[in-house]
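Engineer: Task: produce atomic coordinates for the following.
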Amino acid sequence: MKKELDYFKIGNDYGFDQEKFTNIIMKVGGCAAVTACDSFIYFKKYRNMKNLYPYNAENVTKEDYIAFSNTVKPYLHPRMSGIDSLEIFIDGVNAYLSDINEKGLAVSGFSGSESAESAEKFIISQIDGGCPVPCLVLKHSNPIMKDFVWHWFLITGYEVFGDTVMVKIVSYGEYIWVSLDILWNTGYSRRGGLIKFALL
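Structural biologist: Residues are numbered from 1 along each chain as shown. You can find the predicted model right below:
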């Protein structure tokens, strides 16, 4: 069983590559804003939610994206400790939705303390429903995840075969497939979690 959401490209990049920001603060700490911007573009392009992104979602350019990120940045601005909780992300997205008067999208959290089995059901349900899944990883003990420590990114697909569940992670303008067990079992008591988008 496999499901992948459609997505958008910016030049040769799959979504936006955070390292292409010209602002050093956003380049280092803009992952939450990128995750939100990518989500908003996705919802405009594939779910016809036109208010979320003020530019052409059929041809997303680097210039338009950076301009849009400057609009979203005040809601999810980089800070010393990072956007290190689901609540900060949810509050920022909700403030943006309120300011643009978008009432068709609801945002809530799924704690990283939930079981891997519950996370699997949650991700599958969201992807099957046509919604990308923002994910926050804090510390992680597995070196496979070294590029995703203290980082926000999107999950846009899954594949199940036997007892193994793989998830499609989008970040830095590319995607990789990672075992959900590896992603979810960080080895630390304090964890991030997932964001639920619901179309109203």
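
Engineer: which stretches of this protein form helices?
Structural biologist: Applying DSSP state H to the chain gives helices spanning 24-29, 31-47, 62-72, 86-99, 116-128, 180-184.

Engineer: got the angle for the strand ranked longest in the chain vs helix 86-99?
Structural biologist: In the chain, with assignment by DSSP state E, the single longest strand is strand 151-161. Put simply, strand 151-161 runs at 100 degrees to helix 86-99, going by axes from the mean of the first three to the mean of the last three C-alpha atoms, to 10 degrees.

Engineer: in strand 151-161, what's buried?
Structural biologist: The neighbour-count check on strand 151-161 (16 or more other C-beta atoms under 10 Å) flags 151-158 as buried. Placement of C-beta: from N, CA and C, glycine included.

Engineer: can you check stretch 98-111 too?
Structural biologist: 102, 105, 107, 109-110.

Engineer: which residues are contacting that stretch?
Structural biologist: 43, 49, 51-52, 86-87, 90, 93-94, 97, 119, 122, 191, 193-200 (C-beta atoms under 8 Å, 6 or more residues apart in numbering).

Engineer: How far off centre is it?
Structural biologist: 14 Å (C-alpha atoms, centre = their mean, to the nearest Å).
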